[in-house]
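In: Turn this into a structure:
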Amino acid sequence: MKKLAVFALLILFTSPGFAQVKIHSHNDYTHEQPLTEAYANRVYEIEADVFLIQDSLIVAHSKKDKNLTRTLGSMYLSPIAQLHKDKSTKYGFCLMIDIKDNWDLTYPALRKEIEKYGAIFDRSEHKNAIQIVISGNRPADSTFHSYPKWLFFDGLPNIRYAKKDLKRVTMISDNFATYCKWKGNGEIPTADKAKLKKIIDQAHLLNKPIRFWGAPDTKECWQQLHDLGVDIINTDKVSECKTYFEQHK
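Out: Numbering: from 1, shown residues only. The predicted structure is shown next:
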């Protein structure tokens, strides 16, 4: 916990202008310092893939990589709760939980874990709460509104969400490769830019930010997506991405 406290202090030196660019820490659990690097860089969202194994929520990229000691609670929920005891450094980011197993089986275990911590994960209780966002295997979008008030969802393009369900959608996300095969060097082809811009504009008409996963993780791509209007930059290079945008305001 001492290491967590040191990293928490680093966010006090975050540039005020950085809020203009939102960063999604992709596959955070594979980083050398899961959670702490992303937290220190004050990212908008932190992602963890979760499997249900023996009634436990295990953080892993695949079941082949499973380590039963790497639970959602030990890697994220408990450390976040510890960090939130320090009122001078906490901030309200999103924790995206990518559900890799059956939703109906995983949800009861997830709800039990999250609700142990009360208002820490309930933004309706206080503005700096961590917002839980579900991606991967989700329930039917017509049921989003029926879940506890602390639970939100990663949206998909081209879905006509009912108004009450859209309120639970925090963003629109999609696979970059669906629209573009560009590898991240030079310029995105004009025709592909048009395809990307169409999806970006659709998300903005819903008053939702947009994120593309699977995009080239290069400075050229970060900048060009930002220029197209992408609100949330998906990256595995959190510190580098933050520094880049601080230097290119």
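In: tally of neighbours for Pro108?
Out: 11 (other C-beta atoms under 10 Å). In short, each C-beta sits where N, CA and C put it, glycine included.
In: can you tell me how far it sits from Leu57?
Out: Pro108 is 11 Å from Leu57, where distance means C-beta to C-beta, to the nearest Å.
In: Check Lys181 too.
Out: The gap separating Lys181 from Leu57 is 35 Å, by C-beta to C-beta.
In: Count the residues that sit near the closest residue in space to Lys242 that isn't next to it in sequence.
Out: Spatial nearest neighbour of Lys242, chain neighbours left out: Asn41 (4.8 Å); criterion: C-beta to C-beta, 6 or more residues apart in numbering. Number of residues near Asn41 (other C-beta under 10 Å) recorded here: 20.
In: Next: the one 10 residues further on.
Out: Applying other C-beta under 10 Å, we find 20 other residues in the vicinity of Phe51.
In: Over to Gly118?
Out: Residues within reach of Gly118, counting by other C-beta under 10 Å, total 12.
In: Mind naming the longest helix for this protein?
Out: Across the chain, the longest stretch assigned as helix under DSSP state H is helix 190-205.
In: hmm, who's touching it?
Out: For helix 190-205, the surrounding residues in contact (C-beta atoms under 8 Å, 6 or more residues apart in numbering) are 157-158, 171-172, 174, 176, 179-182, 188, 209-210, 212, 225, 228-230.
In: What of stretch 231-248?
Out: Here stretch 231-248 has contacts from 15, 17-18, 20-28, 30-31, 37-38, 41-45, 171, 209-215, 217, 219, 222-223, 225-226, using C-beta under 8 Å, 6+ apart.
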